[in-house]
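**Q** Using only what follows, build the 3D model:
(2 chains)
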Amino acid sequence: MQKNTITGIEGNSQSRYYNQNKIWTKPFIIAIVVVISLAVLSLFIGVYDVRGQEDGMEMFFITRVPRTIALMLTGAALAMAGLVMQLITQNRLVEPTTTGTFEWAGLGLLFVYLLFPAPTIALRMTGAVIFSFVGTMIFFLFLRRVRLRSSLIVPIIGLMLGAVISSISTFLGLFFRMTQVIESWFVGSFTGVQVGRYEYLWIIVIITILVFIYANRLTLAGLGEDVATSVGVNYKALILLANGLIAVAVGVVAAVIGNLPFLGLIVPNIVSMIRGDDLRSNLPWVCLIGMGTITFCDLVSRTIIMPFEVPVSLILGTVGSVVFITILLRDRKARRLK
Amino acid sequence: MIKIHNARKTYAEKVKIGPLDIEIPKAGFTSLIGPNGAGKSTTLLMIGRLLNMDEGQIKVANMDVSSTKSNDLAKIVTILRQENHFVTRLTVRQLAGFGRFPYSKGRLTREDEEIISKYIDFLDLTDLEHRYLDELSGGQKQRAYVAMVLCQETEYVLLDEPLNNLDVARSVQMMQYLRHVADEFGRTILTVMHDINFAAKYSDKICAMKDGQISAFGTVEEVMNPDLLTDIFETEIEIMHGPYGPLAVY
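**A** The predicted model follows:
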């Protein structure tokens, strides 16, 4: 009887190095090539012929380059925000639009417009970040208070909360005659991106670095408060920090681009299915697939009714809801099998 | 040594735990038993600093659990609660690796990898080490979490109902592993147990609790007393002498 407990030790105790997940694998390099090709396509597709016209080069650097950079940064930001949210709530169905974070950011923007006649981007951004921080915090505190029986209830509550917040925004907008602000915000689009209007998005690079530094702690948070505390992580401080990172990422995107649904849901779920939940080794993938997805959707939105543009949030919403439903169905199937 | 002095926790007017005063010696295997709501898990959680006490003091290896830095405590004491509902998609080896977090903050060294391998082999998880947790059975998952806790290489290991959801064979296996951890690795193990007979067979000492108080603390022979157990569980309990020691019959 005692035998089976002891065999293990003598079995093979030579050291193995399996935890170092390699990043530069073949699939990753292929993914990089794909994303770069999408970026190049994005640079050269458009109504304005940058190669034929005399001031083509100028236009190229005023609109095309900023737009492509903005796409890349936004894609990475939202995919990451979704991933971090999913880890700290331990729920695969949350992301900035299913928790109301984006709606809070929108309300913040509106408040800035109400308080300051012609707000700068910096001001708008600050408003959006503060409001999304407060909103997300309220949502998390709510989740901690109530033990929810089904993981499906979480995004439903988030969507409801979001709907309440956005109807407050709409009411305020109508009341103070600022409906254009809301409308242009509700449908996120990269149409207006040009030199001088997108530079704040570079803040996302800092967010990415911070997420990478705290990657292991965030993965531990995904194992629950007890496990994280038991290995010495300051859970409460970590949640606060994660919240801050999410709020900044979402706030910046909300102020510069607008509402972009579902990106934070699609990307992390796909990555998790294939590569598991180890944040540190997944982060490059999450950023990359986020960039690729949004660039692809933007390309579709630009070409589908050329010479006009469909807002990219429409395309994202369509693709995203299909993926969302697929995840729901997969989830149910898995549970039934158990 | 785990020293609990005057520790109290009040949930509601009628649900009070403590004041608790007990000294659990270093090394060996101690089980906490008692009826539901006796305060076993609360006591364990307070020792493992997962729950703040309202009053009193708990010291583990002379470190005050309420004032010592969490990361320093993580090298002395570890606590594992009943199985998590949300299953993170980590591999067994990745999970075990997080047990090294207090030392390496996730940047695993060669030494860390050797320690991880050691405990994965010990718990017979070698063939499963690259499987994701959501692909494992309940017993395997439990072993993976135990591997993580052991990788932390703490003097004190606290386990809340480690046999929860395990069948007889898996329970026996888990208890053998834990007994081995106490004997060969010299760790101090403190568990909350529901099955009196499992506790009696594998523990060195048993601490019985009722209504938020410690009713008895002593060796297996001392606590496996029909009058004492009948009183604690409010059920007729007799003690038989089986081939492996005292056996509670109810």
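**Q** could you give the mean pLDDT of the longest helix that chain B contains?
**A** When chain B is parsed with DSSP state H, its longest helix is helix B:168-184. Confidence for helix B:168-184, expressed as mean pLDDT, is 92.
**Q** do it and chain A meet at all?
**A** Yes. Shown here: helix B:168-184 in contact with chain A (C-beta under 8 Å from any C-beta of the partner chain) through B:Gln173, B:Gln176, B:Tyr177, B:His180. Just so you know, the C-beta spots here come from the backbone N, C-alpha and C atoms, and that holds for glycine as well.
**Q** Now do the SS call for residue 29.
**A** No chain was given, so I picked chain A. What DSSP: H, G, I helix; E, B strand; the rest coil gives for A:Ile29 is helix.
**Q** hmm, I had chain B in mind actually
**A** Strictly by three-state DSSP, B:Phe29 counts as strand.
**Q** What of the one 3 residues further on?
**A** Under the three-state scheme (three-state DSSP), B:Leu32 adopts strand.
**Q** Now do the contacts for it.
**A** Counting by C-beta atoms under 8 Å, 6 or more residues apart in numbering or on different chains, B:Leu32 touches B:Lys40, B:Thr43, B:Leu44, B:Leu190, B:Thr191, B:Val192, B:Met193, B:Ile206, B:Cys207, B:Ala208, B:Met209.
**Q** which regions of chain B sit below the pLDDT cut-off?
**A** B:83-86 (pLDDT under 70).
**Q** can you give me the strands in it?
**A** Chain-ordered strands for chain B, with DSSP state E as the definition, fall at B:2-10, B:16-24, B:28-33, B:55-60, B:63-64, B:77-80, B:156-160, B:188-192, B:205-210, B:213-219, B:238-242, B:245-249.
**Q** Can you tell me which of the contacts of B:Leu32 has the most neighbours?
**A** Comparing the contacts of B:Leu32 by number of neighbours (other C-beta atoms under 10 Å in any protein chain shown), B:Thr43 comes first, having 29 neighbours.
**Q** What residues sit buried inside stretch A:319-332?
**A** Residues of stretch A:319-332 classed as buried: A:Val319, A:Gly320, A:Val323, A:Phe324, A:Ile327 (neighbour count, 16 or more other C-beta atoms under 10 Å in any protein chain shown).
**Q** Touching that stretch from outside, list them.
**A** Contact with stretch A:319-332 is made by A:92-93, A:151-152, A:261-263, A:265-266, A:269-270, A:293, A:297, as judged by C-beta under 8 Å, 6+ apart.
**Q** which residues does the residue nearest in space to the middle of chain B contact?
**A** Geometric centre of chain B, nearest residue: B:Leu159, 1.9 Å, by C-alpha atoms, centre = their mean. Counting by C-beta under 8 Å, 6+ apart, B:Leu159 makes contact with B:Ile79, B:Leu80, B:Val146, B:Val149, B:Leu178, B:Ile189, B:Leu190, B:Thr191, B:Val192.
**Q** circling back to that earlier point, which one of the contacts of stretch A:319-332 is nearest to A:Gly100?
**A** Nearest to A:Gly100 among those is A:Pro261, at 12.1 Å by C-beta to C-beta.
**Q** Quick check: bridge partners of B:Val60?
**A** Counting by DSSP bridges, B:Val60 forms beta bridges with B:Ile2, B:Met63.
**Q** Need the contacts of B:Leu32 in JSON lines (columns: distance to A:Val65).
**A** What follows is these, written out as JSON lines (distance: C-beta to C-beta, whole Å):
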{"residue": "B:Lys40", "distance to A:Val65": "64"}
{"residue": "B:Thr43", "distance to A:Val65": "63"}
{"residue": "B:Leu44", "distance to A:Val65": "59"}
{"residue": "B:Leu190", "distance to A:Val65": "62"}
{"residue": "B:Thr191", "distance to A:Val65": "62"}
{"residue": "B:Val192", "distance to A:Val65": "62"}
{"residue": "B:Met193", "distance to A:Val65": "66"}
{"residue": "B:Ile206", "distance to A:Val65": "72"}
{"residue": "B:Cys207", "distance to A:Val65": "70"}
{"residue": "B:Ala208", "distance to A:Val65": "73"}
{"residue": "B:Met209", "distance to A:Val65": "69"}
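**Q** can you list the residues you listed in TSV and add distance to chain A?
**A** Shown next, in TSV, are the contacts of B:Leu32 (distance: C-beta to the nearest C-beta, whole Å):
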residue	distance to chain A
B:Lys40	16
B:Thr43	15
B:Leu44	11
B:Leu190	14
B:Thr191	15
B:Val192	14
B:Met193	19
B:Ile206	22
B:Cys207	21
B:Ala208	25
B:Met209	21
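**Q** Next up, identify which helix or strand the residue lying closest to A:Gly251 once chain neighbours are set aside is on.
**A** Excluding the flanking residues, the one nearest A:Gly251 by C-beta to C-beta, 6 or more residues apart in numbering or on different chains is A:Val129, at 3.2 Å. According to DSSP states H and E, A:Val129 maps onto helix A:121-145.
**Q** Which elements pack onto that helix?
**A** Counting contacts by 3 or more C-beta pairs under 8 Å, 6 or more residues apart in numbering or on different chains; DSSP states H and E, helix A:121-145 is packed against helix A:65-89, helix A:101-115, helix A:153-175, helix A:235-256.
**Q** that older thread, burial measure for the residue nearest to A:Gly251, as a count.
**A** For A:Val129, the count of nearby residues is 22 (other C-beta under 10 Å).
**Q** right, and it touches A:Gly108 too?
**A** Yes. Counting by C-beta atoms under 8 Å, A:Gly108 is a contact partner of A:Val129 at 7.4 Å.
**Q** any shared contact partners between these two?
**A** In contact with both A:Val129 and A:Gly108: A:Gly251, using C-beta under 8 Å, 6+ apart.
**Q** Could you identify which of the residues of helix B:168-184 next to chain A has the most neighbours?
**A** With neighbours taken as other C-beta under 10 Å, the top of the residues of helix B:168-184 next to chain A is B:Tyr177, carrying 21 neighbours.
**Q** Please list all residues in contact with that one.
**A** For B:Tyr177, the contacting residues are A:Thr5, B:Phe122, B:Leu123, B:Arg143, B:Val146, by C-beta under 8 Å, 6+ apart.
**Q** which regions of the stretch 51-200 of chain A sit below the pLDDT cut-off?
**A** By pLDDT under 70, the low-scoring segments of the stretch 51-200 of chain A are A:51-53, A:148-149.
**Q** Which residue does it have closest to chain B?
**A** Residue of the stretch 51-200 of chain A nearest chain B, by C-beta to the nearest C-beta: A:Gln90 (4.0 Å).
**Q** Tell me, how many residues neighbour that residue?
**A** A:Gln90 has 20 nearby residues by other C-beta under 10 Å.
**Q** Could you do the one 10 residues further on as well?
**A** For A:Gly100, the neighbour count with other C-beta under 10 Å is 26.
**Q** What residue, apart from its backbone neighbours, is nearest it spatially?
**A** Nearest non-adjacent residue to A:Gly100 (C-beta to C-beta, 6+ apart): A:Gly162, at 3.5 Å.
**Q** Look up how far A:Ser321 lies from the one you found.
**A** Taking C-beta to C-beta, to the nearest Å as the measure, A:Gly162 falls 15 Å from A:Ser321.
**Q** Just list the residues touching A:Ser230, thanks.
**A** B:Gly48, B:Leu50, B:Ala74, B:Thr78, B:Ile79, B:Leu80, B:Val149, B:Gln152 are the contacts of A:Ser230 under C-beta under 8 Å, 6+ apart.
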